[in-house]
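Undergrad: Output the structure for:
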Amino acid sequence: MPSARRSAELAHPRPRPAPRRTEMSTLSADALPATARAGNSMATRWLLNIGHAIDHMFLLIFATAVTTIASDFQVARWEDLMPYSVAAFFFFGVGSLPAGRLGDHWGRRNMMLVFFFGMGAAALLVSAVQSPWQMALALALLGCFASIYHPVGIPMLVQGALRPGWTIGINGLVGNLGVAVAAVATGFLVKYFGWRMAFAVPGVICLLIGLVFALVATREQGAPAKKKATSKPPPGVSMARLFLVMTMAATSGSLLFNFSTNSNFELLTDRLRGILQDPAQIGLLLAAVYAVASLTQLLVGNLIDRVALKPLYGSIIAAQAVLLALSMLVEGWLFFAALFFFMTMIFGAIPFTDAMVVRFVDDSMRSRVSGMRMAVSFGASSIAVWLIGPVVKQAGFTALLGLMAATSVVTLLTLSQLPSTPAPGRRSDQA
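TA: Residues are numbered from 1 along each chain as shown. This is a model prediction of the structure:
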């Protein structure tokens, strides 16, 4: 009889119970088909990370070279030229909305190809402009293409990642190395070859990277929006509330990032007056600050996979506010030390905006949610670029630092409304 029972079991095997579905599954591995995971090869992931560096670098070339550009265009003060770059950051924000929708419905690989080729072509166009208004239009076009990366590139990168916090941390590190490269490479190119080459050389490199991406990135099996949802928000928390908190936190964080990265070159030049004035050397100092501060994102990304999100995020923002307030009181090398520490905290906060999306939003709609969030936050934060010139001209850099400290406090207040969630389980898997 046992053999007969065994034969019957083989002929009619019992169905296995479906795996339990957890509320926070989005923070670990997404329940994606093997084809979706296979699409993100090591080469593709690194090209996506490099794309993040390109995104940040290209948007900061103008701010780094603005003094030289103002002289070339016969504009008396660099502060008077800064408002011409506002359109770039405005479209960097509002362009995220259609970019995110196209990423989910047309495909993320297709949109990243548009990103690489569009950024390269726009940078070459900027290098050829002959007036401030031509500069404004060319930078606006650059901002349109730059808007693609965050709602498309990052969701493509974390798709199927087993350790999304770590993946986001690496991506943030590489992205902000782009900020460092903008400082040092632009300073070098401006000094020895002129500001036009500071746009043209990166533009050509970006076009070449786009060709490599087209060759190595696997074609998607289907648009993300067509896939079945595999996760949901925590119980008792509405998607509307999550979206509001994420958007407000991202807006204040983006304001702070734009205030700092677009003013640091001139700010450091002012605070080191009489000590150091060479643009290339100032660029090297900033590059060193950005490179070391960017390493914070690896630590933060690792912690995101292991500890509760809300208290970790809040601690870093609180440190930002204190350090920015202290920086108002010092000058010279003491200010350089203060700048190093507050930029460490600013960069350390960057992974959280994407971590919130990964934790609370299903992959099938991440590009759209990211696009909507960024359209508001980046669009609103473009005001920071417009404010830098007038604020510094009328009240000085100390007032700007005070405004940045207040922005950190607003971010901290916003985070008090973020849902408290348990720490994700510890995992040994690699992203």
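Undergrad: Tell me the backbone dihedrals of K191, please.
TA: Taking degrees, to the nearest 10, you get phi -70, psi -40 for the backbone angles of K191.
Undergrad: Quick check: pLDDT value at it.
TA: Looking at K191, its pLDDT stands at 89.
Undergrad: just T261 next, same as before
TA: T261 carries a pLDDT value of 82.
Undergrad: for the one 4 residues further on, same thing?
TA: Turning to F265, the model gives it a pLDDT of 87.
Undergrad: Now it: closest residue in space that isn't a chain neighbour?
TA: T64 (5.3 Å; C-beta to C-beta, 6 or more residues apart in numbering). From N, CA and C alone the C-beta is placed, and that goes for glycine too.
Undergrad: Just the pLDDT at the one you found, thanks.
TA: 85.
Undergrad: Same check on M343?
TA: 93.
Undergrad: Please, which helix or strand holds the closest residue to it other than its chain neighbours?
TA: Sequence neighbours aside, A293 is the residue nearest to M343 in space, at 4.5 Å (criterion: C-beta to C-beta, 6+ apart). Per DSSP states H and E: A293 is located in helix 279-294.
Undergrad: can you list contacts of stretch 343-352?
TA: Applying C-beta atoms under 8 Å, 6 or more residues apart in numbering, the contact partners of stretch 343-352 are 165, 168-169, 172, 175-176, 249, 253, 256-257, 260, 264, 289-290, 292-294, 296-297, 299-301, 304, 309, 312-313, 316-317, 319-320, 323, 411.
Undergrad: So which of the residues you listed sit within helices?
TA: Applying DSSP state H to the contacts of stretch 343-352, the entries found in helices are 165, 168-169, 172, 175-176, 249, 253, 256-257, 260, 264, 289-290, 292-294, 296-297, 299-301, 304, 309, 312-313, 316-317, 319-320, 323, 411.
Undergrad: pLDDT weak spots in the stretch 101-250 of the chain?
TA: Applying pLDDT under 70 to the stretch 101-250 of the chain flags the ranges 222-237.
Undergrad: please redo it, this time with the cut-off set to 90
TA: By pLDDT under 90, the low-scoring segments of the stretch 101-250 of the chain are 101, 103-108, 158-166, 172-187, 191, 218-250.
Undergrad: Contacts only, for V391.
TA: Applying C-beta under 8 Å, 6+ apart, we find V391 in contact with A399, L400, L403.
Undergrad: Mark which of those are buried, thanks.
TA: Using 16 or more other C-beta atoms under 10 Å as the burial test, the contacts of V391 include L400, L403 as buried.
Undergrad: Among the contacts of V391, which ones are in helices?
TA: Those of those lying in helices (DSSP H): A399, L400, L403.
Undergrad: that older thread, for the buried ones among the ones in helices among the contacts of stretch 343-352, write the corresponding PyMOL selection.
TA: Here is the PyMOL command that selects only those of the ones in helices among the contacts of stretch 343-352 that count as buried (16+ other C-beta under 10 Å):
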select buried, resi 165+168+169+172+175+176+249+253+256+257+260+264+289+290+293+294+296+297+300+301+304+309+312+313+316+317+319+320+323+411
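Undergrad: Could you verify my assumption that V385 touches L81?
TA: No: assessed by C-beta atoms under 8 Å, V385 is found out of contact with L81, at 11.4 Å.
Undergrad: Neighbour count: those two, which is higher?
TA: More crowded of V385 and L81, by other C-beta atoms under 10 Å: V385, with 27 against 21.
Undergrad: follow-up on the earlier one: contacts only, for the residue nearest to M343.
TA: Counted by C-beta under 8 Å, 6+ apart, A293 has contacts N176, F340, M343, T344, I346, F347, G348.
Undergrad: Which residues are in contact with the first one?
TA: Just to be clear, that refers to N176. Contacts for N176 (C-beta under 8 Å, 6+ apart) come out as H56, Y290, A293, S294, Q297, F347, I350.
Undergrad: circling back: make JSON lines out of the contacts of V391 and add pLDDT and distance to V184.
TA: Converted to JSON lines, the contacts of V391 look like this (pLDDT from 0 to 100; distance: C-beta to C-beta, whole Å):
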{"residue": "A399", "pLDDT": "90", "distance to V184": "28"}
{"residue": "L400", "pLDDT": "88", "distance to V184": "23"}
{"residue": "L403", "pLDDT": "90", "distance to V184": "27"}
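Undergrad: tell me which of the contacts of V391 is nearest to S377?
TA: Using C-beta to C-beta, L403 is the member of the contacts of V391 that sits closest to S377, with 17.3 Å.
Undergrad: how close does that closest one sit to F259?
TA: 7 Å (C-beta to C-beta, to the nearest Å).
Undergrad: The nearest residue to L284 once chain neighbours are set aside: helix or strand, and which one exactly?
TA: Using C-beta to C-beta, 6+ apart and skipping the chain neighbours, the partner closest in space to L284 is V184 (5.7 Å). Using DSSP H and E, V184 sits within helix 164-193.
Undergrad: got the angle between that helix and helix 296-304?
TA: 170 degrees (axes from the mean of the first three to the mean of the last three C-alpha atoms, to 10 degrees).
Undergrad: I'd say the residue nearest to L284 and I282 touch.
TA: No: contact criterion C-beta under 8 Å: V184 and I282 do not qualify, at 9.9 Å.
Undergrad: okay, the ones in helices among the contacts of V391 in CSV with distance to P419 next?
TA: As requested, the ones in helices among the contacts of V391 are exported to CSV (distance: C-beta to C-beta, whole Å):
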residue, distance to P419
A399, 35
L400, 33
L403, 29
